[in-house]
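> Next comes the sequence, and after it the predicted model I'd like to discuss.
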Amino acid sequence: MSDLGVSAAGVAELGQRLQAALGDSYAVEKPLGAGGFAVVFLVRDVQLKRPLAIKVLSPDLVTSKTVIERFKREAETVAQLSHPHIVPLHFVGQKDDLLYLAMQCVDGGSLADRIEKEGKLPVADVARYIAEIATALGHAHKRGVVHRDVKPQNVLLDAETGRCLVTDFGIARSAESASLTATGMVMGTPTYLAPEQVTGEPSDHRADIYALGIMAYEMLAGRPPFEGANATAVLMKRLAGPPESVLKVRADTPRELVDVIDGCLAADPNERFQNAGDIARALTGATPITGGQPTAEIVVKRRQKRQRTIIGGVVGAVAVAVAAWFALSSLRSNAPPTLAPVDSGMALIPAGSYVIGSNTGHPMTRPQHTVTLAAFGLDKHEVTVGEYKRFMDSTRSPAPWTGAMPRPSLPVTRVLWSEAARYCAARHADGGRLPSEEEWEAAARGAQGRLYPWGDRPEAARANTASARRKGIEPVGSFPQGASPEGVEDLIGNAWEWTSSPMKAYPRGDSTFDALQGYMVIRGGAFNTQDSVANAMRRGYNLPATNPDQLELTGFRCAMPARARNGGR
C-alpha cells in the first residue's frame, strides 16, 4: 500500500470509515490494493449477495468543495458508460471528506498481473485485448470521457471469459484539479504518457490512443518501449524519438499489428489513429461493438492496407481460435466473413459468450450458466400496432384487438404466439423469427452480465414498470434512457414479450419446471410489474394458444440471424 503512503493501520482506519459510511447493507471485507489516488476494498453487498470493489479516494486529495463537486460530476459521467469492456460504476458516495466509488468486482486480476507473470503474451491474445480495449475507449471518447491513465493496471481480466474490462475512467482527470498539480507533477503514469502530455501541451482522447500503443508493444515485447532508471529518464526517451521496432524484439509479430502499433505511437497526435474505433476495425475487420463508425481514415504510412484482418492473420499463424467477441477470418481468405447490417430497425447483437440466469434469484432463473450465441439482429423496439396493422392488411389476418384500433405507436398485444412467429417470418425474409430466451437475455444483459440493459440497479426513469407509476402501456421508445448500449429499447417493462423457447428447467436446474414445457417463455415484465420481477433474468410463461384476453399485457419483437458480408450465414 506504499503508493499512497498509507500504513497498514491507516488502511484499516479507512476501511472502518468506509464501513460506517456504507451502513449495514454492505460488509467491508478486506483491502484489494492501492494506487496513486485511492485504496480499493472488497465489499460484500449483503442484500444482493454479490461482491463489489469500492474505491476510496485519498482524503488528502479532497481539499475543497470544488474538488468534491468535480469528482461527483466526473463519476456521474462515467456512470453512463455502459459497455461490455468497461467496468460498470454502480454508485458514488460521500461522508465528510470520504469519497468512494462502487464498481463491479472483476476477479481475474489485471493485465499487468498477467504481463508480470508471463512476460511476452501470445500474439492472438494481444490482438484481441487491444481490439476489446479500443472498443471501450471509443465508446467513452464519443461521450466526452477521456481516461488519461490507460495502462495494464487499469485493465482487468474476467476469470471466466478472459475478456478485458477497462477501469478507472476519469479519476486521474478529477485528481488533476486537486493539490497535486501545485507540486509540478505530471499527471498519469510516465511509462504511458503521450509526448504532448510530457511537454505540457493540450491533450485529448488521442493521448489514450498513444497509451494503447504502448500497452500493445509491452504485451508483445514483455517490456515497455521506453525504459529508464527513473521517471525523468523515461520521459526524456519519449521525446527523443520513436521506439525500437517491436519486430526487433518480437519477430513473430504480424506486420499488420506492427502497423497498428506505429499508428498509435506517432509523436504528432494528428498522425495517429484519430479514434479508437478505427483501431478496432483495423484489428477485426468489423464495426466496433458499440456500433460506431470511424470518423477518420486509417493512415498507415509504412505499408499499404491489406485485405486480411490482423486477427485473421493471427489465426492462420498460430492455428488457434482467438475471440468469441468478433468475427474471425482465415489467412487464406481473400474476403474475410464480416457481419453485414441486419434489417432496418434492428440492432446487431455480437456473437459471443453470455451469462444467463442467476445463482441467487428466483428458482426459475437458477443456476447461472453461460451460453455461446451466434450474432443476431433484434428489433430495437416491440412490434407496434401500426406495424402489425400493415401485416394484417397484406395477409388478411384478423385483428388481435377488440373494438377501435389502439394508437399505432403502442406495442401490439393480444397476439397469439403462432401469429407473432408468422409476423416475424413475413417481416424479415432472411430467417425472421421470435428470439430465443437466451438471445433476449443476452441482448438485455450484454457480455458483462448486467441485471438491466442500463446497469445493475432498477431506475424508475428508465423503464415502464410499477415504480414508474404509469397507468398503462406507453408508446414504444418512451423510455430511451433504458436502452441497451446497442440501442434496444423497452426490454424491461411496458409489455411482456414472447420468445421462441418452451418453458423448462435450466441445465442442472430444478426439474419440476420441466412440467411447464407446454408453455412458452415470456420476458421483461409489463407496466404493472414490480421491479423485483422486471429484470433481465426473470422468466415468465404463457400458453401459446391461450385466450387473447390473457395476452392483454404480452407483446413481441423479432429476431433474425446476422448475415455475412457475402450474404451467407
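Cool, the structure landed.

> I54 should be in a helix, yeah?
No - applying DSSP: H, G, I helix; E, B strand; the rest coil, one finds I54 to be strand, outside a helix.

> Show me what it is bridged to.
With beta bridges defined as DSSP bridges, I54 has these partners: F41, A102.

> quick one, what contacts it?
The contact partners of I54, by C-beta atoms under 8 Å, 6 or more residues apart in numbering, come to 18, 22, 26, 28, 40-41, 43, 100-103. C-beta: built from backbone N, CA, C; applies to glycine.

> any weak-confidence spans in the stretch 301-450 of the chain?
The stretch 301-450 of the chain contains residues with pLDDT under 70 at 301-340.

> Of the contacts of I54, which is the nearest to P363?
Looking at these and their distance to P363, the nearest is Y26, at 25.9 Å (C-beta to C-beta).

> What mean pLDDT does the top helix by length along the chain get?
Looking across the chain with DSSP state H, the single longest helix is helix 123-141. Per-residue pLDDT values across helix 123-141 average out to 91.

> what's that helix packed up against?
With contacts defined as 3 or more C-beta pairs under 8 Å, 6 or more residues apart in numbering; DSSP states H and E, helix 123-141 has these neighbours: strand 164-166, helix 206-221, helix 255-264, helix 276-284, helix 310-318.

> by how many degrees do the third one and helix 123-141 diverge?
The reference is to helix 255-264. Direction vectors for helix 255-264 and helix 123-141, defined by axes from the mean of the first three to the mean of the last three C-alpha atoms, to 10 degrees, enclose an angle of 30 degrees.

> Can I get helix 255-264 in CSV? Just the C-alpha atoms.
Output in CSV follows, covering the C-alpha atoms of helix 255-264 (Å, rounded to 0.1, in the frame of the first residue of the first chain):
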residue,chain,number,x,y,z
ARG,A,255,3.2,-6.7,-39.9
GLU,A,256,-0.4,-5.6,-39.7
LEU,A,257,-0.1,-5.4,-36.0
VAL,A,258,3.2,-3.6,-36.2
ASP,A,259,1.4,-1.0,-38.4
VAL,A,260,-1.4,-0.6,-35.9
ILE,A,261,1.2,0.0,-33.1
ASP,A,262,3.0,2.5,-35.2
GLY,A,263,-0.3,4.2,-36.0
CYS,A,264,-0.9,4.6,-32.2
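
> Let's test this: mean pLDDT of it, rounded?
Helix 255-264 shows a mean pLDDT of 89 in the predicted model.

> The longest one too?
The average of the pLDDT scores along helix 206-221 is 95.

> what's the answer for stretch 495-512, then?
Mean per-residue pLDDT for stretch 495-512: 92.

> returning to that earlier point: now the longest helix of the chain and helix 276-284, what's the angle there?
Comparing the axes of helix 123-141 and helix 276-284 via the same axes, to 10 degrees yields an angle of 160 degrees.

> Can you pull the phi and psi angles for the closest residue to P341 other than its chain neighbours?
By the measure of C-beta to C-beta, 6 or more residues apart in numbering, the closest residue to P341 outside its immediate chain neighbours is L348, 7.1 Å from it. For L348, the backbone dihedrals are phi -90, psi 120 (criterion: degrees, to the nearest 10).

> My guess is L348 contacts G377. True?
Yes - proximity of L348 to G377 meets the contact threshold set by C-beta atoms under 8 Å, at 5.8 Å.

> Find the residues that touch each one of the two.
What both L348 and G377 touch, as defined by C-beta under 8 Å, 6+ apart, is the set 342, 562.
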